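Enquirer: Got a predicted structure plus its sequence, pasted below:
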Amino acid sequence: MSHFSALVLLPPTDALADTLTSALEPFADDGADPDRIGQWEHWIPGGRYAGHFHPPAANLDDPRLLRTQPARDAVAGGPLHLLDLLQARAQARRWAANRHAGFLARSQHLPTGAPWRSFLTRHRAAPEALPLHRAEQQFTQQPQAAQARKALHPRLLVDLDAALALDTDAFAERHARRALPATAMVDLNGNWSIDPAFTDRVNCTEEESSAYIEECNDRLDAAPTDTIAVCVEITR
């Protein structure tokens, strides 16, 4: 069983719960149809991703924001114009720049970490000598990689790989682009997409994951400003 976030885009509605249910229902995996490949067994608005959005302070009292946790400055969703996507990305960019610069300063005495691809190549060449779990362990336990994990809390292998490979400006921009997309997305046309770095975290390349991220950002930026975005926790 796994848990992950999904960002659902909805048209303006006064019946948010029903509209959200209708948007996710086509992707249910209820076990009734063995030929149906579902994406979820259970979902809840927000859940462990209840703080996905951090609206501007001036908007925090707007009742159209969806709160599923007590925190005042973080919400699970709301109309895009209240969530302020530009500010969210700018905030993420500042956080990443500060954290990555600190990581580099603390790790400058350490040997440069080898990229994940080099460990994966060695595993593929001799899987018995270097099983996959050992290859991943060796990658993540490199001194510089271990320091990056403490400082930056990367979710996926591609995130850790980027922390080692990129300079601070590039890493901060990458983080900003990934601030709003969730692991999966349901767009206004009812299309489901998911980050390949989550479904195939071992083999997924940075380019493949970034293509998904940019697709999500394009759909967010192209959506009408009264579109409602809701982050849900998916269980499957």
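Expert: Thanks, I have the structure now.
Enquirer: ok, and what's touching the top helix by length along the chain?
Expert: Counting by DSSP state H, the longest helix found in the chain is helix 85-107. With C-beta atoms under 8 Å, 6 or more residues apart in numbering as the test, helix 85-107 has contacts from 53-54, 56, 143-144, 147-148, 151-152, 163, 166, 168-169, 171-180, 220-221. Where C-beta positions appear, they are placed from N, C-alpha and C, glycine not excepted.
Enquirer: Among these, which ones are in helices?
Expert: Using DSSP H, the contacts of helix 85-107 in helices are 143-144, 147-148, 151-152, 163, 168-169, 171-177, 220-221.
Enquirer: about what we covered before: can you mark which positions in the longest helix of the chain are buried?
Expert: 85, 88-89, 92-93, 96-97, 99-101, 103-104, 107 (16 or more other C-beta atoms under 10 Å).
Enquirer: Including pLDDT and distance to residue 72, could these go into a markdown table?
Expert: Listed next are the buried residues of helix 85-107 as a markdown table, based on pLDDT from 0 to 100; distance: C-beta to C-beta, whole Å:
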| residue | pLDDT | distance to residue 72 |
| --- | --- | --- |
| 85 | 93 | 20 |
| 88 | 91 | 16 |
| 89 | 95 | 21 |
| 92 | 95 | 19 |
| 93 | 97 | 23 |
| 96 | 97 | 24 |
| 97 | 98 | 26 |
| 99 | 97 | 24 |
| 100 | 98 | 28 |
| 101 | 98 | 29 |
| 103 | 97 | 30 |
| 104 | 97 | 33 |
| 107 | 95 | 35 |
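Enquirer: Check those against residue 76 and report the nearest one.
Expert: residue 88 (13.7 Å; C-beta to C-beta).
Enquirer: Can you give me the distance of that closest one to residue 81?
Expert: Noted for residue 88: a distance of 12 Å to residue 81, by C-beta to C-beta, to the nearest Å.
Enquirer: Residue 60 now?
Expert: Residue 60 sits 14 Å away from residue 81 when distances are taken as C-beta to C-beta.
Enquirer: Residue 180 too?
Expert: 14 Å.
Enquirer: Tell me which of these two has more neighbours.
Expert: residue 180 (23 against 13; other C-beta atoms under 10 Å).
Enquirer: could you pull out the strands for this structure?
Expert: Here the chain has its strands, by DSSP state E, at 3-10, 42-45, 77-79, 184-186, 192-194, 228-235.
Enquirer: Format these as JSON lines; extra columns: distance to residue 132 and mean neighbour count.
Expert: Shown next, in JSON lines, are those (distance: least, C-beta to C-beta, whole Å; neighbours: other C-beta atoms under 10 Å):
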{"stretch": "strand 3-10", "distance to residue 132": "21", "mean neighbour count": "21"}
{"stretch": "strand 42-45", "distance to residue 132": "29", "mean neighbour count": "16"}
{"stretch": "strand 77-79", "distance to residue 132": "37", "mean neighbour count": "23"}
{"stretch": "strand 184-186", "distance to residue 132": "24", "mean neighbour count": "24"}
{"stretch": "strand 192-194", "distance to residue 132": "22", "mean neighbour count": "16"}
{"stretch": "strand 228-235", "distance to residue 132": "25", "mean neighbour count": "22"}
